[in-house]
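**Student:** Okay, structure incoming, though there's no sequence with it:
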């Protein structure tokens, strides 16, 4: 393992940084999109409900690999060319946002309906009530499952290797094919992923405990 780390430290670091960048971008975008579609699923508009349900059910039931390959191969044929890194981020964002949307929807529906009624009765609009009253309470409910989705997103970022996304797994495959030292190579790659996922796991557990004490 030491030989792999020493001889290939440059590309391993590049892969680690690219994995972090892809994960952070996809995480931010999937939270925004997923939260919107989660709210849309329980909105008063039937049109928004239907659009959100179609989006969520479509991407919940498609493999991540299919989504990424669509944007890497099919999308450039008809719209514009994108590299593997970008295609991977788009695929991760769309795929993860569908799961986040379901999580947010469940969290909102877990808040007593009287909270919405109380907000509306005080003169708040539906969206103001959702923003200031319902969503803050729903957040406490959805923290544990959201944490799982964040960790899954980091692990799923290895899909970039399939489309030459220059991530950790991509460079791990290159090193393994060059050295034939597959055992040490993939142990090193696994350790790099743990460097990302373990702190995130402990942080989400800490955040969950903090929120639980404030309820």
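**Tutor:** Nice, I can see it. This is a predicted model, so every value here is computed, not measured.
**Student:** Can you list the low-confidence ranges for this structure?
**Tutor:** 211-215 (pLDDT under 70).
**Student:** Residue 171: what's its closest spatial neighbour, skipping adjacent residues?
**Tutor:** residue 15 (3.9 Å; CB to CB, 6 or more residues apart in numbering). Any C-beta I mention is one placed from the backbone N, CA and C, and that applies to glycine too.
**Student:** helices or strands up against the helix or strand hosting the one you found?
**Tutor:** Element membership for residue 15, per DSSP states H and E: helix 9-41. Under the contact definition 3 or more CB pairs under 8 Å, 6 or more residues apart in numbering; DSSP states H and E, helix 9-41 sits against helix 46-60, helix 84-110, helix 135-156, helix 168-179, helix 182-213.
**Student:** what's the angle from it to helix 168-179?
**Tutor:** 150 degrees (axes from the mean of the first three to the mean of the last three CA atoms, to 10 degrees).
**Student:** got the buried residues for helix 9-41?
**Tutor:** 11-12, 15-16, 18-20, 22-23, 25-27, 29-31, 33-41 (16 or more other CB atoms under 10 Å).
**Student:** same deal with stretch 138-153?
**Tutor:** In stretch 138-153, counting by 16+ other CB under 10 Å, buried: 138-143, 145-147, 149-153.
**Student:** Give me the residues contacting it.
**Tutor:** With contact meaning CB atoms under 8 Å, 6 or more residues apart in numbering, stretch 138-153 is reached by 23, 26-27, 30, 92, 96, 99-100, 103-104, 106-108, 110-111, 197, 200-201, 204-205, 207-208, 211-212, 214-215.
**Student:** from the residues you listed, which would you call buried?
**Tutor:** Buried among the contacts of stretch 138-153 by 16+ other CB under 10 Å: 23, 26-27, 30, 92, 96, 99-100, 103-104, 106-108, 111, 197, 200, 204.
**Student:** what about residue 6, how many neighbours?
**Tutor:** Using other CB atoms under 10 Å, residue 6 is surrounded by 8 other residues.
**Student:** residues contacting residue 164?
**Tutor:** 83-84, 170.
**Student:** how does it look with 7 Å?
**Tutor:** 84, 170 (CB atoms under 7 Å, 6 or more residues apart in numbering).
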